[in-house]
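[1] give me a model of this one.
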Amino acid sequence: MSVTAVTCMIAFWVSAVVVGYTWVGYPLILALFSRWFGRWTRAPRGGEVSLPGVSLLIAAHNEEAVIGQRLRNALNLDYPADKIEIVVVADGCTDETTTIVNRFARQGVRLIEREQRRGKASAINAAWDELHGDIVLLSDANTEMEQDAVRKLVRWFRNPKVGVVCGRLQLTDPASGNNVDSLYWKYETHLKQWEGRLGALPGANGGIYAIRKELFRSLPENTLLDDLVIPMTARLHNTCVLVYDAEAVAHEEAAPDVAAEFRRRARIGAGGYQCLGRLWPILDPRQGWIAWTFMSHKLLRWLCPFFLLLLLVSNLLLVNRPFYLMTLLVLSAGTLTGLVAGFLPGRWRILRPLRLLSMFVAMNLAIFVGFWHWLFQPQQGTWQRTPRMAESEVTCS
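    Reported below is the predicted structural model:
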């Protein structure tokens with residue numbers, strides 16, 4: 001057997017093991033470890049008197065279609081009015097967003113207006129020192145939280161070791177409003193639950209997470225993934241615990257089409273590579289469980305497209321061997337099926353399992369595209385809004 005063949009076989013099997021561990025092995029091991037070693041399963045108890053002051057911060061750019069409904073949802077949250085403030089920071093809005101927000105001023109909503117658009121990270125930085133709550137709840141303009149979500153989140157902060165709490169985000173169909181959590185999203189939710197039990201959640205859901213105000217560190221203005229960088233920076237510099245509360249629920253519209261979802265994931269991929277230069281110390285084993293969860297859930301996922309490419313190239317070079325011819329056919333059929341399945345109607349129940357394969361293929365392609373964006377395009381903190389269902393004219397009620 002030639003040196004080239006041996007090298008290709010090693011590359012093939014190393015790549016297969018890494019990809020298999022990342023998507024199958026890690027969840028299985030995590031489920032076991034969370035059961036054996038998990039501690040953060042119950043929130044501390046406390047009464048009404050111990051409720052902390054909360055600042056709900058919403059960064060918005062041209063969100064006239066949804067900001068009114070978002071603020072009505074925020075005002076209806078089950079939390080004492082004297083202990084919660086609602087703050088919208090408008091980042092260079094050129095539509096009616098600021099006008100709509102100002103209609104809620106009499107109900108206590110505060111607007112911080114920035115004429116020049118500089119991005120979400122810059123908007124968060126600018127607003128932070130003006131917030132009054134001990135706990136800051138970050139959310140998006142198109143997110144709606146269930147009434148008890150704030151109470152569910154803040155109860156964890158009675159434990160001084162807890163620094164960040166992430167809630168559960170459910171995806172809804174933009175047309176019907178029905179829950180459309182896919183197999184992939186349920187998979188992600190289980191990972192967060194298991195990681196949360198270890199106190200090692202590697203990031204948060206941007207639509208619903210809370211942090212102690214004093215743990216925040218100013219973000220570089222070109223930050224793409226604030227919901228990853230803010231929690232991880234807090235953990236890195238304060239050794240606080242990050243937990244996940246599946247009972248604190250928020251709802252957000254799913255992307256309306258395949259193209260919009262692909263762009264969103266490519267941006268997430270670019271943000272992942274961007275943050276490695278800032279968060280690599282979290283991989284130090286002395287950081288505890290979070291070093292393992294961050295490596296497995298984040299770093300290896302960002303590297304998976306390259307291992308898949310190596311898997312394919314090494315397989316092609318071994319195609320003259322019967323076993324590797326078979327694996328090449330399986331890989332090719334799986335990739336083609338995944339690409340086609342992404343464009344099939346999701347309502348076809350018989351094809352729904354194929355959409356998981358489609359998500360796997362599309363995600364890795366998007367991460368790969370995100371890598372080249374990160375490598376060759378200057379990163380800016382401004383974000384391109386995902387298209388959303390138009391709402392009727394918003395009025396303050």
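
[2] so where do the strands sit in this protein?
    54-60, 84-91, 109-114, 135-139, 143-145, 162-172, 209-212, 241-253 (DSSP state E).

[3] tell me what the second one is packed against?
    Just to be clear, that refers to strand 84-91. The elements that strand 84-91 packs onto, with contact taken as 3 or more Cβ pairs under 8 Å, 6 or more residues apart in numbering; DSSP states H and E, are strand 54-60, helix 67-75, helix 97-102, strand 109-114, helix 120-128. For every residue, glycine as well, the C-beta is placed using N, CA and C.

[4] roughly how far does W280 sit from L236?
    When distances are taken as Cβ to Cβ, to the nearest Å, W280 and L236 turn out to be 10 Å apart.

[5] who's more crowded, the two?
    Each of W280 and L236 had its neighbours counted (other Cβ atoms under 10 Å), and the higher figure belongs to L236 (18 against 12).

[6] please tell me I have it right and that one contacts I282.
    Yes - at 5.4 Å, L236 counts as touching I282 under the criterion of Cβ atoms under 8 Å.

[7] wait, which of the helices and strands packed on strand 84-91 is closest to T189?
    Relative to T189, the nearest member of those by Cβ to Cβ is helix 67-75, separated by 21.5 Å.

[8] report the buried residues of that closest one.
    When neighbours are counted by 16 or more other Cβ atoms under 10 Å, the buried residues of helix 67-75 are found to be I67, G68, Q69, R70, L71, N73, A74, L75.

[9] CA atoms of it as CSV?
    Written as CSV, here are the backbone C-alpha positions of helix 67-75 (Å, rounded to 0.1, in the frame of the first residue of the first chain):
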residue,chain,number,x,y,z
ILE,A,67,-41.9,47.1,16.8
GLY,A,68,-45.4,48.1,17.9
GLN,A,69,-46.5,44.5,18.6
ARG,A,70,-43.1,43.9,20.3
LEU,A,71,-43.7,46.7,22.7
ARG,A,72,-47.2,45.7,23.5
ASN,A,73,-45.9,42.2,24.3
ALA,A,74,-43.3,43.7,26.6
LEU,A,75,-45.8,45.9,28.4
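
[10] show me where pLDDT drops low in the stretch 201-350 of the chain?
    Counting by pLDDT under 70, the stretch 201-350 of the chain shows low-confidence ranges at 256-258, 341-350.

[11] please redo it, this time with the cut-off set to 50
    Across the stretch 201-350 of the chain, nothing is flagged by pLDDT under 50.
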